[in-house]
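K.L.:
below is the sequence, then the predicted model.
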Amino acid sequence: MTSPPRAPDGSPAPAPDLAQGLAPRPGFVPVSGAARAESALVLALSLYRLYGLSQVAVAVWLDGSHYPRPVPVLALAAAVFAESLAVIAVCVRRRAIPSWLISADVVFCTAGLFLCAALTVRGDGHTWIYFMYPFTVVTSVAVGFGYRRLAAVIAATLLLCAGYVAAAIVLHHDPFWNVVPNAVSYLANTTVGWAAARYLRRSGTDLDRSRVVAVERADALARERERARHARILHDRVLQTLETLARGEWVSDEAFRAHIAGEAAWLRALVEGVHDGDGGDLPAGLQRLVRDKARTGLRVDLNSASVRDVDGWPDLLPPDRAAALVEAANEALTNVAKHSGVSAATMRVHLRGAEVVVTVHDRGRGFSPGEAVWGMGLRESIGRRMREVGGHALVDSAPGAGTFVELRAPFGRAGDRPGRAAPGSAASEV
Amino acid sequence: MIRVGVVDDHPIARRGVEHLLHETGRVKVVAAAGSLGELAAAMEAAESPADFDVIVLDLYHDGGAPCLDAVARLAGSSRVLVMSASGQPKDVMGAIRAGASGYITKHADDAMFVAAVETVAAGGFALSAPLADILQAELGPSAAAGPVKGRQPSGARQAELSAREEETLNLIASGFTHAQVATRMGVSKATVETYVERIRAKLQIGNKAQLTRAALERLGGTGPV
């Protein structure tokens, strides 16, 4: 048996003696919001029960001498005490209010209303003799706690009401105008109880949900911090050494130096933390190109600040378009390596209107349009590749002025695009 | 002879920069320091702060945070060229706004590196391709809209660029030299320099003293000027 619980002190935490085992103990996972809401409801049910029992006790104490058949009445009162304590015990043990228990309780109370009316008589001037009525009105609040659905609450309430109305009118011959308002009290208690319980449970689950979100955020933040820390360490300890070795005279073997340059390019992409070159999207594909070219001795600087924070690449740029851009850029870079006479190029990716633009620029020897066969080949092949995916390519070169290749493709969700954008400034200069 | 101080906590990278600048014959590395503390000591030992025309400063030291307060402090008495192997756009913007006269990546080619140091020494703005790319991303029209999430309005939006300045920025970001930009835009190289200066002015880095004060205020007044 549980000792009478203390009134809650205003905090949502259940009284400690009622909720033994519920309170967070050191080393235990904190009690969830849903569990706290449930145990608050158990506490409320218990308090209403004990208050109802006190009504029974007062009635029996004051009026016991008037009962025509005191022994059965006292037996009924004892049964009510035993049932109430059993209900409290079950709820406390389960840390919840099972609906089957409330259903059983409603049936017990309805039967009790009838029995109590049958064992008592009306007429000595006060209805306290009929102690089952105040008891059931007080405890009916918990009917609202026991069911999640309002329809179930109302059905159970109507059973109680019908029991009371039938007993009061048939057995006690109470006046109708007295009985009906009395019956309505049940409905008020159960529906308000239901609404309050629903609010409490929702707050509990909301609390749990926001707690989960907060934990996830903290987790993501911690991971990001850890990643940044590792990146910083790699940058300070390894990357700078690799980049310096890749371009200095310290390593005499050219192939090995190119290999170091490739590894450095990969590490730089990793350290910058945006794309590791392993994904299928455009920045990853370009990053992979940079790494592959570095291994062959062509240093490519990739400027991609304006697409750094772009989210959802697959939605904005279908894989076939991304692949076309990467392949065309690859071809442009291959031409730099073969024909420009320089070993460095700048590749840039940025957004212009509803297009994504990839440019490849070198400061090499360039070529005269119409003269260099390979230049024509480049123009044709990357143009064809880009047109396949609804894009454009332009090649701009002059002897001694380097070569500039611009690749453009539609970008953004289909609904966002107003159509093909006007050619950019560079395109008009060809 | 341009007198340069180099601050980089990575010894090999520091040696690389030193070596590269020395090779030109036009630059003298007066001090090569592994930390800001070492640089401060070297500056005290020098006859006057004017001994440094340019300070080449690694943006990230031991901690994970960029040394923006040091940029602001050093920019008060010298010209600062910020250098980093990898720069977060907002850190680079922060450095420029704190008074740096340029930003270059450590993998910039040698000629670009030297050119940047010379530009800064002459009081110019070393607008490298990566820096132009970052500025364009932060200031350009495509930065205001589009599917780019998480872009924080850095207050840079108030710096509206003209179409010509925008084009200049775009071309430099694509890797064109000032001379090539001039050819493509059909203007003189001096005009391009003017555009670059205007872009710098729009970043509110015209008045260095004022900027330094503003930077220090932003940083909560840390450190002596």
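P.N.:
Done, it's in.
K.L.:
residue of chain B closest to chain A, please.
P.N.:
In chain B, the residue that lies nearest chain A is B:Gly175 (2.8 Å; CB to the nearest CB). For glycine as for every other residue, the C-beta is placed from the backbone atoms N, C-alpha and C.
K.L.:
contacting residues around that residue?
P.N.:
The neighbourhood of B:Gly175, defined by CB atoms under 8 Å, 6 or more residues apart in numbering or on different chains, consists of A:Asp301, A:Asn303, A:Ala345, A:Thr346, A:Arg348, A:Thr359, A:His361, A:Asp362, A:Arg363, B:Ala129.
K.L.:
of all pairs in those residues, which one is the farthest apart?
P.N.:
A:Asn303 and A:Arg363 (15.2 Å; CB to CB).
K.L.:
same drill for those two, tell me which one is more crowded.
P.N.:
A:Asn303 (26 against 22; other CB atoms under 10 Å in any protein chain shown).
K.L.:
ok, what's across the strand from that one?
P.N.:
A:Arg348 (DSSP bridges).
K.L.:
hang on, isn't it packed against A:Val357?
P.N.:
No - checked against CB atoms under 8 Å, the pair A:Asn303 and A:Val357 is beyond contact range at 11.5 Å.
K.L.:
can you say which helix or strand has A:Ala345 in it?
P.N.:
strand A:344-352 (DSSP states H and E).
K.L.:
what about chain A, any weak spots by pLDDT?
P.N.:
A:1-30, A:122-129, A:272-280, A:370, A:372, A:414-430 (pLDDT under 70).
K.L.:
per-domain residue ranges of it.
P.N.:
A:33-215, A:282-428 (automatic domain parsing).
K.L.:
Serialize the ones you listed to JSON lines and add fields for distance to A:Ala258.
P.N.:
Formatted as JSON lines, the domains of chain A follow (distance: least, CB to CB, whole Å):
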{"stretch": "domain A:33-215", "distance to A:Ala258": "47"}
{"stretch": "domain A:282-428", "distance to A:Ala258": "5"}
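K.L.:
what about A:Gly383, how many residues nearby?
P.N.:
Count around A:Gly383 with other CB under 10 Å applied: 17.
K.L.:
residue contacts, the residue of the stretch 301-430 of chain A found nearest chain B?
P.N.:
Nearest residue of the stretch 301-430 of chain A to chain B, counting by CB to the nearest CB: A:Thr346, 2.8 Å away. The contact partners of A:Thr346, taken as CB under 8 Å, 6+ apart, are A:Val300, A:Asp301, A:Asn303, A:Thr359, A:Val360, A:His361, A:Asp362, B:Ala129, B:Ser174, B:Gly175.
K.L.:
which among the residues you listed end up buried?
P.N.:
The neighbour count (16 or more other CB atoms under 10 Å in any protein chain shown) marks A:Val300, A:Asp301, A:Asn303, A:Thr359, A:Val360, A:His361, A:Asp362, B:Ala129, B:Ser174, B:Gly175 as buried among these.
K.L.:
which residue is the nearest non-sequential neighbour of the one residue sitting closest to the centre of chain B?
P.N.:
In chain B, the residue lying closest to the centroid (CA atoms, centre = their mean) is B:Gly102, at 1.8 Å. Spatial nearest neighbour of B:Gly102, chain neighbours left out: B:Ala126 (2.7 Å); criterion: CB to CB, 6 or more residues apart in numbering or on different chains.
K.L.:
how near is that neighbour to A:Glu83?
P.N.:
88 Å (CB to CB, to the nearest Å).
K.L.:
looking at the two, which is more packed in?
P.N.:
Set B:Ala126 next to A:Glu83 and count neighbours by other CB under 10 Å: B:Ala126 wins out with 27 against 16.
K.L.:
quick check: next helix or strand after the helix or strand of chain B with the lowest mean pLDDT?
P.N.:
Lowest by mean pLDDT, DSSP states H and E among the helices and strands of chain B is helix B:141-144, with a mean of 51. Following helix B:141-144 in sequence order, the next helix or strand is helix B:163-173 (DSSP H and E).
K.L.:
work out for me the element the residue in chain A sticking out farthest from the centre sits within.
P.N.:
Residue farthest from the centre of chain A, counting by CA atoms, centre = their mean, is A:Pro68 at 64.3 Å. A:Pro68 belongs to no helix or strand when assigned by DSSP H and E.
K.L.:
for it, what are phi and psi?
P.N.:
Per-residue torsions, A:Pro68: phi -70, psi -30 (degrees, to the nearest 10).
K.L.:
just the closest residue of the stretch 51-200 of chain A to chain B, please.
P.N.:
For the stretch 51-200 of chain A, CB to the nearest CB, closest residue to chain B: A:Tyr199, 35.5 Å.
K.L.:
on that earlier part again, so which of the domains of chain A comes closest to B:Leu81?
P.N.:
If we rank the domains of chain A by CB to CB, the stretch that ends up nearest is domain A:282-428, at 17.5 Å.
K.L.:
how far does that closest one sit from its chain's centre?
P.N.:
39 Å (CA atoms, centre = their mean, to the nearest Å).
K.L.:
cool, stretch B:92-101 as well?
P.N.:
From the chain centre to the centre of stretch B:92-101 is a distance of 6 Å (CA atoms, centre = their mean).
K.L.:
what does stretch B:76-84 give?
P.N.:
Counting by CA atoms, centre = their mean, stretch B:76-84 comes out at 7 Å from the chain centroid.
K.L.:
for A:Ala155, see how far away A:Arg149 is.
P.N.:
9 Å.
K.L.:
comparing these two, which residue is more hemmed in?
P.N.:
Using other CB under 10 Å as the criterion, A:Arg149 and A:Ala155 rank with A:Ala155 on top: 14 against 10.
K.L.:
and A:Asp206, how many neighbours?
P.N.:
Quick note: A:Asp206 (other CB under 10 Å) scores 12 neighbours.
K.L.:
without its sequence neighbours, what residue ends up closest to B:Leu36?
P.N.:
B:Ala70 (5.2 Å).
K.L.:
in which helix or strand does that neighbour reside?
P.N.:
Going by DSSP H and E, B:Ala70 is in helix B:68-75.
K.L.:
and the stretch 51-200 of chain A, which residues reach chain B?
P.N.:
On the criterion CB under 8 Å from any CB of the partner chain, chain B has no neighbours in the stretch 51-200 of chain A.
K.L.:
for stretch A:236-248, which outside residues touch it?
P.N.:
The contact list for stretch A:236-248 (CB under 8 Å, 6+ apart) reads A:250-251, A:257-258, A:260-261, A:263-264, A:267-268, A:271, A:294, B:9-10, B:12-13, B:15-16, B:19, B:60, B:62, B:85-86, B:106-107, B:110.
K.L.:
other SSEs contacting the helix of greatest length in chain A?
P.N.:
Longest helix of chain A, by residue count under DSSP state H: helix A:176-234. Contact analysis of helix A:176-234 by 3 or more CB pairs under 8 Å, 6 or more residues apart in numbering or on different chains; DSSP states H and E lists helix A:33-63, helix A:132-139, helix A:141-146, helix A:150-166, helix A:254-272 as its packing neighbours.
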